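**Q** build me a structure from this.
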Amino acid sequence: MTPKLLPELPPLLLPAGKRVYFASDFHLGVPDAATSRERERRIVRWLDEAAKDAAAIYLLGDVFDFWFEYKHAIPRGFSRLQGKLAELTDGGLPITLFTGNHDMWMFGYFTQEMGIPIQRDPVTQRMGDKLFHIGHGDGLGPGDFAYKRLMKPVFNSRFTQWLFARLHPNLGIGIASKWSQHSRLQNGEADAKYFGEEEWLLVYCREIEKRQHHDYYVFGHRHLPLDVVVGPGSQYINLGEWVNYCSYGVYDGITMALREYKG
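**A** Residues are numbered from 1 along each chain as shown. Next comes the predicted model:
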């Protein structure tokens, strides 16, 4: 299937000395509460450092290993991250949050409480003089048919969400968290393998590039930090993840680079 081109978001102005930061796949909640909390503290330290010269921050999905917003309840924990996001947006820093395959059940909470827009599909946006195509990356390109044709449509179904919301949060969040952790562990070997020219997201990027040039394609989901040539003047950047790599992307108005946070 030929990927569709999506409308562009309004351009992001990039004043001199300012940068744009990208991160993905924090997977907060795994493998246990203590380890997740230490990772959360590291993410908050990274946000503090990024905010010093950030024009905007983009979090490209799977921030949480599981997330579901009931009408009057959200998953327990992650208060340090939420507090930091609220502090930064209250201070005027634009933050955009994409849903991933682990936290697609985000609805209005982050927008209502923190003013953070939620994006569910890849978007194109001009930043400075470069054109970016950004998203989480799940379900794009060839392959992964079971997820694209069965799991994702089911999970995106309003009826499925309505049914899940009928479960008491203690039961619903407990069951879903266990399933989410099991699913991630099952896919560990595939996440660690680079498929070269057959990389699904690289194939997707090259299909989009045939129809419209983008300077940078930025995704998460694959859990591998990657910087791959799509075509002349075009790069595919995968941000990796924060369970093993603590990798992120930064665009300074001229080039986009992958970095590792060691704080």
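
**Q** how about the helices in this structure?
**A** For the chain, the helices defined by DSSP state H cover 33-51, 79-90, 109-114, 145-146, 152-156, 158-165, 169-186, 188-191, 200-211.

**Q** for the longest one, packing partners?
**A** Secondary structure elements in contact with helix 33-51, counted by 3 or more Cβ pairs under 8 Å, 6 or more residues apart in numbering; DSSP states H and E, are strand 19-23, strand 54-59, helix 79-90. Any C-beta I mention is one placed from the backbone N, CA and C, and that applies to glycine too.

**Q** and these as JSON lines, adding distance to Arg45, mean pLDDT and mean neighbour count?
**A** Shown next, in JSON lines, are the helices and strands packed on helix 33-51 (distance: least, Cβ to Cβ, whole Å; pLDDT from 0 to 100; neighbours: other Cβ atoms under 10 Å):
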{"stretch": "strand 19-23", "distance to Arg45": "13", "mean pLDDT": "98", "mean neighbour count": "23"}
{"stretch": "strand 54-59", "distance to Arg45": "14", "mean pLDDT": "98", "mean neighbour count": "22"}
{"stretch": "helix 79-90", "distance to Arg45": "9", "mean pLDDT": "97", "mean neighbour count": "16"}
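
**Q** relative to Ser36, which of these is closest?
**A** helix 79-90 (10.4 Å; Cβ to Cβ).

**Q** dump the closest one to PDB, restricted to CA.
**A** C-alpha atoms of helix 79-90 as PDB (Å, rounded to 0.1, in the frame of the first residue of the first chain):
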ATOM      1  CA  SER A  79       4.400  11.800  38.700                       C
ATOM      2  CA  ARG A  80       7.900  13.200  38.300                       C
ATOM      3  CA  LEU A  81       7.700  13.100  34.600                       C
ATOM      4  CA  GLN A  82       4.200  14.600  34.500                       C
ATOM      5  CA  GLY A  83       5.200  17.400  37.000                       C
ATOM      6  CA  LYS A  84       8.200  18.300  34.800                       C
ATOM      7  CA  LEU A  85       6.200  18.300  31.600                       C
ATOM      8  CA  ALA A  86       3.600  20.600  33.300                       C
ATOM      9  CA  GLU A  87       6.400  22.900  34.600                       C
ATOM     10  CA  LEU A  88       8.000  23.200  31.100                       C
ATOM     11  CA  THR A  89       4.800  23.900  29.300                       C
ATOM     12  CA  ASP A  90       3.700  26.400  31.900                       C
END
